[in-house]
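S.K.: test case, fold it:
(chains A and B)
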Amino acid sequence: MLKRKRFIFAMLAILPTLAIFAYVRLYPIADTLRLSLYQWNILSKNKPFIGLANFRELMGDHLFLDALINTTIIAFGVLALTIPMALVIAALIFHRTRSRMAGFYETAVFIPHVVSLVPAAMAWKWIFDARLGPLNALLDFFGIPMQNWLFDPVLSVICIIVLCSWQALGYAVLIYLVGFKNLPVSLYEAAKLDGASGRQSFWHLSIPMLKPITLYVSVVTLVSGFNVYAQAFVLASDAQGAPGRQVRVLVLDMLENSFRNYRVGYAASEAVVLLVIVLVLTLIQFSMLREKGKA
Amino acid sequence: MKNASAKTRISTRALLMSTAFVGTLLSGVASASAETLTVWSGYPEMAPFYEHVAQGMKASHPDLDVKVEAIALREHEKRVALGLTGGGQEGVTVIELSGSTATRYLENDLLPEASDEVSAFVKDEKNFSKFFSDSASYDGAVYGVPLFRGQGSLYYNTEMFAAAGLTAPPKTMEEYSAYAEKLTKRDASGKATVSGWSLRLSGGGQGIAEKFWTNLHQFGGAILVPAGDGKWKPDFANEAGRNALKQYLANIFTTKTVSPEMPADADAFERGQTAMFIRESWVIGDIAKKAPDLKYATAPLPKGSIALPTNLYVAGEDADIGWEFAQAANSPENLVWLLENVGWLPNRSGVDYTSVTGKQPAFAAFVNYPQGYEFFTLPAIGPIEEVLTRVAAQLVIAFGDASMASDDAKIDAFLKKASDEVVAILDREGLAAK
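M.R.: Modelled structure (predicted):
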């Protein structure tokens, strides 16, 4: 009886939070799913049901397909760059925990994550500038041909990957550091007694034991990679003096379809595709890392 | 003693709270008695103009509080789309929109019709030519007050022209290319350091297509042309389109007078990084602020220019003050101020602008154009932004494809593909000519 009362009390206590969560999180998702089946131009009261027509059109829309390919490359590129680098940097910082500079290292790596995106992206835009950028100056110094970083179709995508990774790295390192600090020291001591080198301990102890952390960090990194927008927008912003190639990404395409082309139903179908991709990839990551982690 | 001190604290707190309460009440009463008007603009440089208009209305409306919110055009478009459909904005809002963009909102009854007095003001041909009053109307009824227009002309650096031995601006599109070659400055390796002719080759949005359309117009083509009965068709998969695109490609890949990564547009012109470019009249005001010592002149384009009228619309209850503001913006004194201080061309006729054009000869190309100069404007159809954005996306690909520069068949195939995409959009919206 008491248990039931407690359960009811707990449910009642949690209900307001659940209600807010449902309203601000679940309702927009459900409404986006619904809108994707309608032809709606945001302005009209008339909203005809068109079934899966928006999705059929998406499959033949070269701008959407470009955006999908670019976004996927960026998301996986950021993941591939961020996770190993974060793991190694976190290990190095953890190894130097007792150093007087440990705080400095942690702060230095984390700062890009808290810096406002627009000024940071503007700074990177200068770094990548074909004529005045330090990156090309460096290449030139070593006799390597200078590149049109922000204009070449391939290089401009790489630039976004670099910028996103630079931002994501600090957060990933911080989470990995927490993971490192929670690893049992006795295991490392035992490994040391057995003659394992630092590198071997890292490879055979740290990496397997940090799998839950890797799962969390990789899911967060991949999801934010698929939601890339501002980086692509700022690097190719319409500043008249120095524009760049507009790398088409999914969120940008959605915004354009919603508010410039006034095709909200169509943009909603893009959002649904993005949601499905992110969900599937997250499930794959969970199945790959969680099961092995348990074993 | 303790009690007395506590009492003093309580009474002090009560006094402070009462003061705060009365203060809040009074400020509420004050704000209720003041008239509030918000101006939404898509051109940050227009903010001082609207503030000037508001200042002028102070005498007749001392309590009028005008908030000018001028942001970048693309953000402004999103704001209008969300603001007008979602509602929620308080008071009266004066909204600046181009005639072509406003059509979407007018089709869906999201903007109110102007009062009889405002309609009469707009329809009076002494005030506005039919071109401008039509751009502010829908189905014969007036919904907006014309204000200014975007109209292109050539800007050229006279010192660079003199150094290249050029004494007059180019008069044909062939001359544009020839001049660009002569004007381009190069480093020892032959790489262009100052572009001869700055072309819009990259960035986001429809600007690339609009600029291309201006060049295309000189060759006799258009992105869209009316085909009767409210239908439209593309008109660039033809010789005009080939010539226009070929000229871009020749400048990028053959004569290499310009490249996508070079500084471009007004900023580059003001810094001496390009010798000439085509732009609207606002650049005159911009140069006056940022590069007052720049030696430059303007010239009409070979055949004609875009004329993109921007109007003021009013949303919200009790819109009278909004319409009054829109009309005040069109007073001769304010329009002269607009031309002199901002540089956008006012649309109202019968106003004496000589005090400005006399002082600033660069305006001459915008007002004293040759006989038969042909203007075009963006069609007032719903999907115009989508058409231009998609054409722009295609053009960016072309501008990066060197193999197209000397291959007419490839150019034709490219234009056909882009044209087919435009037809598909028009068809979807029921606007394609059969």
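
S.K.: low-confidence bits of chain A, can you list those?
M.R.: Applying pLDDT under 70 to chain A flags the ranges A:1, A:237-243, A:290-295.

S.K.: for it, what's the longest helix?
M.R.: If you go by DSSP state H, chain A has its longest helix at helix A:62-95.

S.K.: counting contacts, what elements does the following helix or strand past it pack onto?
M.R.: For helix A:62-95, the following helix or strand on the C-terminal side (DSSP states H and E) is helix A:102-114. Applying 3 or more CB pairs under 8 Å, 6 or more residues apart in numbering or on different chains; DSSP states H and E, we find helix A:102-114 packed against helix A:62-95, helix A:153-181. Where you see a C-beta, it was placed from the backbone N, CA and C, and this is true even at glycine.

S.K.: hmm, B:Asn157 is touching B:Ala291, no?
M.R.: No. Contact criterion CB atoms under 8 Å: B:Asn157 and B:Ala291 do not qualify, at 10.4 Å.

S.K.: tell me the angle of the longest helix of chain A relative to helix A:102-114?
M.R.: Orientation of helix A:62-95 against helix A:102-114 (axes from the mean of the first three to the mean of the last three CA atoms, to 10 degrees) gives an angle of 170 degrees.

S.K.: one step back: closest one to chain B among the helices and strands packed on helix A:102-114?
M.R.: Proximity to chain B (CB to the nearest CB) singles out helix A:62-95 among the helices and strands packed on helix A:102-114, at 5.9 Å.

S.K.: now for the closest one, which elements pack on it?
M.R.: Counting by 3+ CB pairs under 8 Å, 6+ apart, the packing neighbours recorded for helix A:62-95 are helix A:102-114, helix A:153-181, helix A:211-226, helix A:250-255, helix A:264-294.

S.K.: please identify the most buried of those helices.
M.R.: With neighbours taken as mean count of other CB atoms under 10 Å in any protein chain shown, the helices and strands packed on helix A:62-95 reach their highest mean count in helix A:250-255, at a mean of 22.

S.K.: gap between that one and the chain center?
M.R.: 16 Å (CA atoms, centre = their mean, to the nearest Å).

S.K.: ok, now stretch B:90-107?
M.R.: Computed by CA atoms, centre = their mean, the chain-centroid distance of stretch B:90-107 equals 14 Å.

S.K.: list the buried residues in that stretch.
M.R.: Going by neighbour count (16 or more other CB atoms under 10 Å in any protein chain shown), the buried part of stretch B:90-107 is B:91-107.

S.K.: filter these down to the ones in helices?
M.R.: Checking the buried residues of stretch B:90-107 against DSSP H, those in helices are B:99-107.

S.K.: make JSON lines out of those and add pLDDT.
M.R.: Output for these, formatted as JSON lines (pLDDT from 0 to 100):
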{"residue": "B:Gly99", "pLDDT": "88"}
{"residue": "B:Ser100", "pLDDT": "86"}
{"residue": "B:Thr101", "pLDDT": "88"}
{"residue": "B:Ala102", "pLDDT": "91"}
{"residue": "B:Thr103", "pLDDT": "87"}
{"residue": "B:Arg104", "pLDDT": "84"}
{"residue": "B:Tyr105", "pLDDT": "90"}
{"residue": "B:Leu106", "pLDDT": "91"}
{"residue": "B:Glu107", "pLDDT": "86"}
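
S.K.: between the residues you listed, which is nearest B:Leu84?
M.R.: For those, the closest approach to B:Leu84 (CB to CB) belongs to B:Tyr105, at 5.9 Å.

S.K.: give me every residue that touches that closest one.
M.R.: Shown in contact with B:Tyr105 (CB atoms under 8 Å, 6 or more residues apart in numbering or on different chains): A:43, B:80, B:84, B:97, B:111, B:313.

S.K.: just among the residues you listed, which is most surrounded?
M.R.: Among the contacts of B:Tyr105, the one with the most neighbours (other CB atoms under 10 Å in any protein chain shown) is B:Tyr313, at 27 neighbours.

S.K.: I figured that residue hits B:Val118, correct?
M.R.: No. With contact defined as CB under 8 Å, B:Tyr313 does not count as touching B:Val118 (10.9 Å).

S.K.: could you measure B:Tyr156 against chain A, distance?
M.R.: B:Tyr156 sits 17 Å away from chain A, taking CB to the nearest CB, to the nearest Å as the criterion.

S.K.: would you agree that residue is in contact with B:Thr167?
M.R.: No. When contacts are counted by CB under 8 Å, B:Tyr156 is not listed as touching B:Thr167 (11.4 Å).

S.K.: of those two, who's got more company?
M.R.: B:Tyr156 (25 against 8).

S.K.: where do the helices sit along the stretch 301-434 of chain B?
M.R.: B:320-329, B:332-341, B:354-359, B:364-367, B:384-399, B:408-428 (DSSP state H, counting those that start in this stretch).
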